[in-house]
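S.K.: fold the following for me, if possible:
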Amino acid sequence: MEMHAFDDPRHRVAPSFIGTCARRAAGFTLVELLVVIGIIALIMSLLLTIIPQIQRESKSALCLSNQRQLNIGFVQYYGDNSGRFMGVDTGLHEWDWVQGQTNLNGNGFETENAVKKGRMWSYIGNLSVYRSPFDPFSQFQRMRTYSFNAFISTGEGPMWGGPPNWQVNTMGKIPLPSETIVTTLEYDHRGYNINGFGISVSGNGDWVDKIAAWHPGHWNFTMADGSTYSYQHAAKQEVVDYYMTLPQNDFIWLGPDYNWLSKHLAPGMFQ
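M.R.: All right, here's what the predicted structure looks like:
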């Protein structure tokens, strides 16, 4: 009798194996589904933790990059101008890094033209460099986020504890460039940053301007030697948030953060 291949016992599938395949084809068991759901939930929780941290680190890197570019422009300017700094105020002198603001219905704002007319513009040529990615305000209200140390160049430093006629307008007059702040993020409650950044260096705890509290746990600075510095503030973030968003200038806040800052605005000059 002729035997076909499908009648060959070697090609027959055991009934128990067929039943197992049928059960497998029916879907996952409840336990398997719970395991998969648990793994997905774990991955999602990790992503929700990691992604904001990555975003903050990316913004912080961009913010420091912006400050580096402004610092480089500052250095290039004095290299092109017989070793003299550009002005760090906003429209008090024709050689200031940005020019003055305009008032509209009693509300201050900074125009694009004010930035482009400043001495820094030819070295930067990009409006986005003037604003931190952390800045929560609109571009119309705050064309720029960063400010320069008012104790260097033709700044307001003498108003805040310096000698009456003291100005540091060349690099050679800065005793400790690696410890001297050049730029930082400023928060001016009036809606836009006016002139340079400064606090009293006399030791009385008087903050004339406020550093923006947008970097959790730290403040970023560039220094006169071109380096960058991330200072981990001693005060808790909620304390920094409170003092750095007060709706006025000239407030008193003594402590290690004030001490550090006052020593790095004009190091080697008054302390």
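S.K.: quick check: phi and psi at His218.
M.R.: Torsion angles at His218 (phi, psi; degrees, to the nearest 10) stand at phi -160, psi 160.
S.K.: try Ile124
M.R.: Dihedral angles (degrees, to the nearest 10) for Ile124: phi -110, psi -60.
S.K.: pull up the gap between it and Arg68, please.
M.R.: Ile124 sits 11 Å away from Arg68, going by C-beta to C-beta, to the nearest Å. All C-beta spots, glycine's among them, are computed from the backbone N, C-alpha and C.
S.K.: compare the two and say which is more crowded by neighbours.
M.R.: Ile124 (19 against 16; other C-beta atoms under 10 Å).
S.K.: any idea how far that one is from Ile54?
M.R.: Distance from Ile124 to Ile54, by C-beta to C-beta: 27 Å.
S.K.: with Met143 instead?
M.R.: For Met143, the distance to Ile54 - C-beta to C-beta - is 28 Å.
S.K.: for those two, indicate the residue with more neighbours.
M.R.: Met143 (23 against 10).
S.K.: and the residue nearest to the more buried one when sequence neighbours are not counted, how far from Lys116?
M.R.: Excluding its sequence neighbours, the residue lying closest to Met143 (C-beta to C-beta, 6 or more residues apart in numbering) is Glu110, at 4.0 Å. According to C-beta to C-beta, Glu110 and Lys116 sit 11 Å apart.
S.K.: where does this protein have low pLDDT?
M.R.: Low-confidence segments of the chain, defined by pLDDT under 70: 1-27, 47, 101-109, 140, 157-167, 268-271.
S.K.: higher neighbour count, Glu110 and Lys116?
M.R.: Comparing Glu110 with Lys116 by neighbour count (other C-beta under 10 Å), the higher total belongs to Glu110, at 25 against 16.
S.K.: my guess is that one contacts Tyr192, does it?
M.R.: Yes: counting by C-beta atoms under 8 Å, Glu110 does reach Tyr192; the two are 4.5 Å apart.
S.K.: overlap in contacts of these two?
M.R.: Residues touching both Glu110 and Tyr192 (C-beta atoms under 8 Å, 6 or more residues apart in numbering): Gln101, Gln141, Arg142, Met143, Arg144.
S.K.: center of the chain, which residue is that?
M.R.: The chain has Cys63 as the residue nearest its centroid, 4.1 Å off, counting by C-alpha atoms, centre = their mean.
S.K.: need phi/psi at it.
M.R.: Dihedral angles (degrees, to the nearest 10) for Cys63: phi -60, psi -40.
S.K.: quick one: it and Pro133 touch, right?
M.R.: Yes: judged on C-beta under 8 Å, Cys63 makes contact with Pro133 at a distance of 6.1 Å.
S.K.: report the separation between Val239 and Asp257.
M.R.: Where Asp257 is concerned, Val239 sits at a distance of 9 Å (C-beta to C-beta).
S.K.: next one: Asp241
M.R.: On the measure of C-beta to C-beta, Asp241 and Asp257 end up 13 Å apart.
S.K.: gap between the helix or strand Ser230 falls within and the chain center?
M.R.: Using DSSP states H and E, Ser230 falls within strand 228-232. Taking C-alpha atoms, centre = their mean, to the nearest Å, the mean C-alpha location of strand 228-232 is offset from the chain mean by 11 Å.
S.K.: hmm, who's touching it?
M.R.: With C-beta under 8 Å, 6+ apart as the criterion, strand 228-232 contacts Leu64, Gln67, Arg68, His215, Gly217, His218, Trp219, Asn220, Phe221, Thr222, Met223, Trp260.
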